[in-house]
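J.: sequence and predicted structure below; questions after.
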Amino acid sequence: MTSDQRYTGRAEHEALAAKQAQLGRSEATCAALIPITKSEAWWGLTQDERREIFEERSHHIAIGLEYLPAVARRLHHGRDLGEAFDFLTWFEYPEESRAAFEELVARLRLTPEWEFVEREIDIRLTR
Ligand code: HEM
């Protein structure tokens with residue numbers, strides 16, 4: 001399911017809204033589906049501690065914003081539904097942004113946030 005925003009502040013919300021593209025663009029012929037599960041250590045933290053790791057230390061939103069509007073995205077939550085993965089992340093981008101998307105994923109995987117990622121599957125699609 002899609003859900004409410006847990007870590008996004010007002011200014012970040014506005015910055016995302018101003019820059020982000022819609023899903024389903026005809027030129028976005030590449031996509032990535034990345035199911036992700038975080039560790040029990042992550043879920044044992046408080047909301048404030050998770051936000052601190054997610055943005056103040058890992059800059060997830062600040063990094064992600066650099067890749068908008070080329071990459072359009074949707075985040076699905078599965079944890080509270082008892083799904084196999086905590087999140088199903090979905091991204092769409094044009095052929096010419098393929099390398100940029102791989103750079104984005106590589107940068108995020110080097111952040112402190114990713115030390116809490118326990119399982120992740122990398123799926124790429126084209127049409
Ligand atoms: C395209 C650029 C990206 C932007 C602008 C972006 C932005 C965001 C934002 C704003 C949130 C927080 C939503 C909330 O407040 O609850 C979020 C969460 C998340 N993003 Fe990204 N993101 C991007 C790329 C990625 C990529 C490439 C991945 C995976 C490799 C990813 C995985 C996640 C996950 C798993 C969450 C949920 C984190 C949690 O709740 O613990 N994001 N993203």
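T.: That came through fine. Residues are numbered from 1 along each chain as shown.

J.: quick one: contacts for the residue in the chain that the ligand sits nearest to?
T.: Relative to the ligand, the nearest point of the chain is G64 (2.4 Å; C-beta to the nearest ligand atom). C-beta here means a position set from N, CA and C on the backbone, and glycine is covered the same way. G64 makes contacts with V71, R73, L104, L108, as judged by C-beta atoms under 8 Å, 6 or more residues apart in numbering.

J.: one more pass at 6 Å, please.
T.: Contacts for G64 were tallied using C-beta atoms under 6 Å, 6 or more residues apart in numbering; there are none.

J.: what's the answer for the one 4 residues further on, then?
T.: Residues counted as contacts of L68 (C-beta under 6 Å, 6+ apart) are K19, Q20.

J.: in this protein, which strand is the longest?
T.: strand 30-38 (DSSP state E).

J.: what's the burial count for the residue nearest to I63 when sequence neighbours are not counted?
T.: Using C-beta to C-beta, 6 or more residues apart in numbering and skipping residues adjacent in sequence, the residue nearest I63 is R107, 5.6 Å away. For R107, the count of nearby residues is 17 (other C-beta atoms under 10 Å).

J.: which of the three states applies to R107?
T.: Under DSSP: H, G, I helix; E, B strand; the rest coil, the three-state class of R107 is helix.

J.: coming back round to it: can you name the next helix or strand after the longest strand of the chain?
T.: helix 40-43 (DSSP states H and E).

J.: for the next helix or strand after that next one, list the C-alpha coordinates in CSV.
T.: The helix or strand immediately downstream of helix 40-43 is helix 47-51, counting by DSSP H and E. Presented in CSV, the C-alpha positions along helix 47-51 are these (Å, rounded to 0.1, in the frame of the first residue of the first chain):
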residue,chain,number,x,y,z
GLN,A,47,10.9,7.9,15.0
ASP,A,48,13.3,10.7,15.8
GLU,A,49,16.3,8.4,15.6
ARG,A,50,15.2,7.0,12.3
ARG,A,51,14.7,10.5,10.8
